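Colleague: Need coordinates for the following:
(chains A, B and C)
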Amino acid sequence: MTARTHPFVTVLDITGTFVFAIEGARAAIAGRLDLFGVLVLGFATALGGGIIRDVLIGFTPPSALRDWRYAALALAGGALTFLLRGWIADLPLFAFTVLDAAGLAIFAVAGTELAQDHKIPPFIAPFLGTITAVGGGMVRDVLLTHVPAVLRMDIYASAALAGAVVLVIARQCRLSRGTAAWAGFATCFLLRLVSVALHWHLPV
Amino acid sequence: MTARTHPFVTVLDITGTFVFAIEGARAAIAGRLDLFGVLVLGFATALGGGIIRDVLIGFTPPSALRDWRYAALALAGGALTFLLRGWIADLPLFAFTVLDAAGLAIFAVAGTELAQDHKIPPFIAPFLGTITAVGGGMVRDVLLTHVPAVLRMDIYASAALAGAVVLVIARQCRLSRGTAAWAGFATCFLLRLVSVALHWHLPV
Amino acid sequence: MTARTHPFVTVLDITGTFVFAIEGARAAIAGRLDLFGVLVLGFATALGGGIIRDVLIGFTPPSALRDWRYAALALAGGALTFLLRGWIADLPLFAFTVLDAAGLAIFAVAGTELAQDHKIPPFIAPFLGTITAVGGGMVRDVLLTHVPAVLRMDIYASAALAGAVVLVIARQCRLSRGTAAWAGFATCFLLRLVSVALHWHLPV
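Modeller: Numbers count the residues shown, from 1 in each chain, chains lettered A, B, ... in the order given. Down below sits the predicted model:
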């Protein structure tokens, strides 16, 4: 997650961070962690991917630790989930899947762009975009001693990677920065939702 | 852990590092690791929190890898624990709890101060102090494939966080650096010991 | 893994990266991960140790993310393992053990040298060499929720450490860079193979 200028991107970025924090907090509650653990897993899920990306590209302290609003947003998501856990458990799964796909796509796009801005070669930048998108969930799973779901579960990380690759190719083809970002976002978002709807999986 | 000037702080810092190394080594012995594993877990428990903090704030190589005395201290703690494992198992739990609380408090204070020295905003600095204090134990638990105890176990990380927050507030109120550090240390140390004595827990 | 000049070193470096990628991919297949997981574990096993070392010494972005050929090599190893999994499972264990020992030794030597080039003190440099050699395998094991094998399994990390220590001592004794590197390599490689042949273990 990085601060972007277009208002719609900002809305998506905030949405993604908040939804990821809720998902981390829900996993912590399901794992019977205490309030501190719920806040930590919300924080790690929402911001862990961006922190890992920033450490890898040498942009330290990471954005998520420079700007208190990211931490506040992630902690608010975790705290709300803890307080409203009965109510949140009743939300339709469909809403979560759509919001999560939006978060995945915006994180993949933002991470790939930031990597390219830091002179990461085009072949590598999509990996950093994918780490941004799925790294937080992997940290969450490792802390709960689960094998990370993205390593064995349907089209999730691969949707992020596909969106990141589309963005890089679009930039190589001299499309504008904005067009490339939207092409990457749409690829990831739609691929994720279609794969859920049609139960697509990668070979095992 | 960072090199500090006041002799009493140095004593606390050395004590904390050594006690954390012993605890990591004991967990490794309980997990039936070999000598190398015992030394690694002693090292990771004692120095992992400070290393993670230094990487996050961009202070690389981390202090623990710049100054050979930290590594020597952690490895000595691990090796002694391996050699004297029968004797150490008989030490009173009370002594460990007090020394561990002192280590927790000094790491939380030192980590928060270092974060503030590196321009981390006041709202974020306590997180880095808490990571310094509990990060090593989390690495130890993940390597042993346990869910980190701090995420579901009584008042431990939250005592570190409370001490770090008190330090930051004291600094914001223009108290002297030394006074703020002692206020933070006392908050964490006493809160931890009182919570053990009275069996306090966070809500689950 | 780092780019080196001597052709034989380059061959060893490529061999080590490729063999480690295959081993990571095999572990992923045994853990029933999907294609994405196989590629991630191949990548993490081959390049994770070098990435951790580079982040710790402050050399970011890490070599493995600066030069696309490392990633391409690791991904090729993972993809080939996925495609040829029946055939690879039939390879003689002996071949794997020898190639893995060569990879272990070259990574330990390269990591120790790089650490010394970045002003890490001689007492600490061997740890960074050892992390280079075994860090990728530890990441692989943690992602599969296994206690890292190197923490409880025979002479493996300790062979890497021994080779790294020999290198540092040889350099302190003013031997040439090349001689010191070969002494370290031979120590690690032979110690590993002899320990496998003779079933040596560390005390538990």
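Colleague: Who are the contact partners of the residue nearest to the spatial centre of chain A?
Modeller: Residue closest to the average C-alpha location in chain A (C-alpha atoms, centre = their mean): A:Ala133, at 3.4 Å. Applying C-beta atoms under 8 Å, 6 or more residues apart in numbering or on different chains to A:Ala133 gives the contacts A:49, A:103-105, A:107-108, A:111, A:157, A:160, A:188. (Glycine included, C-beta is placed from N, CA and C.)
Colleague: measure it to C:Val165 for me?
Modeller: 41 Å (C-beta to C-beta, to the nearest Å).
Colleague: Show me which residues of chain A sit near chain B.
Modeller: Residues of chain A lying near chain B by C-beta under 8 Å from any C-beta of the partner chain: A:28, A:31-37, A:40-41, A:51, A:55, A:58, A:60-62, A:65-68, A:71-72, A:142-145.
Colleague: wait, which of the contacts of A:Ala133 is closest to B:Phe82?
Modeller: Using C-beta to C-beta, A:Gly49 is the member of the contacts of A:Ala133 that sits closest to B:Phe82, with 37.6 Å.
Colleague: if we can go back for a sec, can you narrow the residues of chain A next to chain B to ones near chain C?
Modeller: A:55, A:58, A:142, A:145.
Colleague: show me the contacts for the third one.
Modeller: When you say that, I think you mean A:Val142. So A:Val142 contacts A:148, B:142, C:142-143, C:145 (C-beta under 8 Å, 6+ apart).
Colleague: Check those and tell me the two furthest apart.
Modeller: A:Pro148 and B:Val142 (12.6 Å).
Colleague: Inside helices: which ones of the residues of chain A next to chain B?
Modeller: Using DSSP state H, the members of the residues of chain A next to chain B that fall in helices are A:28, A:35-37, A:40-41, A:51, A:55, A:65-66, A:68, A:71-72, A:142-143.
Colleague: Buried among those? Need that as a selection in ChimeraX.
Modeller: The following ChimeraX line selects those of these that are buried, judged by 16 or more other C-beta atoms under 10 Å in any protein chain shown:
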select /A:28,35,36,37,40,41,51,55,65,66,68,71,142,143
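Colleague: and the two most separated of the ones in helices among the residues of chain A next to chain B?
Modeller: Farthest pair in these, by C-beta to C-beta: A:Leu35 and A:Val55, 27.3 Å.
Colleague: Per-residue pLDDT of the closest residue to A:Phe123 other than its chain neighbours, please?
Modeller: Excluding its sequence neighbours, the residue lying closest to A:Phe123 (C-beta to C-beta, 6 or more residues apart in numbering or on different chains) is C:Trp68, at 3.8 Å. With respect to pLDDT, C:Trp68 scores 88.
Colleague: C:Trp68 touches A:Ala125, doesn't it?
Modeller: No: counting by C-beta atoms under 8 Å, C:Trp68 does not reach A:Ala125; the two are 9.9 Å apart.
Colleague: Which residue ranges of chain A form helices?
Modeller: A:7-30, A:35-57, A:63-66, A:68-83, A:85-89, A:93-117, A:125-143, A:157-172, A:177-198.
Colleague: By mean pLDDT, flag the weakest helix or strand of chain A.
Modeller: None of the helices or strands of chain A scores lower by mean pLDDT, DSSP states H and E than helix A:85-89, at a mean of 80.
Colleague: Kindly provide the distance from A:Ala115 to C:Ala74.
Modeller: Look at A:Ala115 and C:Ala74: by C-beta to C-beta, they are 18 Å apart.
Colleague: With A:Val147 instead?
Modeller: 20 Å.
Colleague: higher neighbour count, the two?
Modeller: C:Ala74 (28 against 21; other C-beta atoms under 10 Å in any protein chain shown).
Colleague: show me the contacts for the more buried one.
Modeller: C:17-18, C:20-21, C:42-43, C:46-47, C:64.
Colleague: ok, and the closest non-adjacent residue to it?
Modeller: C:Ala74's closest residue in space is C:Ala46 (C-beta to C-beta, 6+ apart), at 4.0 Å.
Colleague: didn't the one you found look like it was pressed against C:Phe20?
Modeller: Yes: the pair C:Ala46 / C:Phe20 is scored as a contact, 4.2 Å apart, by C-beta under 8 Å.
Colleague: what about A:Val98, how many neighbours?
Modeller: Look at A:Val98: counted by other C-beta under 10 Å, it has 16 neighbours.
Colleague: Next one: it from A:Leu193, what distance?
Modeller: Taken as C-beta to C-beta, the span from A:Val98 to A:Leu193 is 7 Å.
Colleague: For A:Pro121, what are phi and psi?
Modeller: The phi and psi values for A:Pro121, taken as degrees, to the nearest 10, are phi -60, psi 150.
Colleague: So it is in contact with C:Arg66, correct?
Modeller: Yes: proximity of A:Pro121 to C:Arg66 meets the contact threshold set by C-beta under 8 Å, at 7.2 Å.
Colleague: if we can go back for a sec, I'd like to know how far the residue nearest to C:Ala74 sits from C:Leu143.
Modeller: 14 Å.
Colleague: sorry, back to before: list the contacts of the residue nearest to A:Phe123.
Modeller: C:Trp68 touches A:121, A:123-124, counting by C-beta under 8 Å, 6+ apart.
Colleague: The residue lying closest to A:Val19 once chain neighbours are set aside: how many residues sit nearby?
Modeller: What sits nearest to A:Val19 in space, not counting adjacent residues and going by C-beta to C-beta, 6+ apart, is A:Leu99, at 4.4 Å. A:Leu99 is flanked by 19 other residues according to other C-beta under 10 Å.
Colleague: cool, A:Ile169 as well?
Modeller: There are 15 residues near A:Ile169, going by other C-beta under 10 Å.
Colleague: Next one: it relative to A:Val9, how far apart?
Modeller: Looking at A:Ile169 against A:Val9, where the rule is C-beta to C-beta, the gap reads 20 Å.
Colleague: just A:Ala79 next, same as before
Modeller: 26 Å.
Colleague: So between these two, which is more surrounded?
Modeller: Neighbour totals were compared for A:Ala79 and A:Val9, and A:Val9 leads with 19 against 16 (other C-beta under 10 Å).
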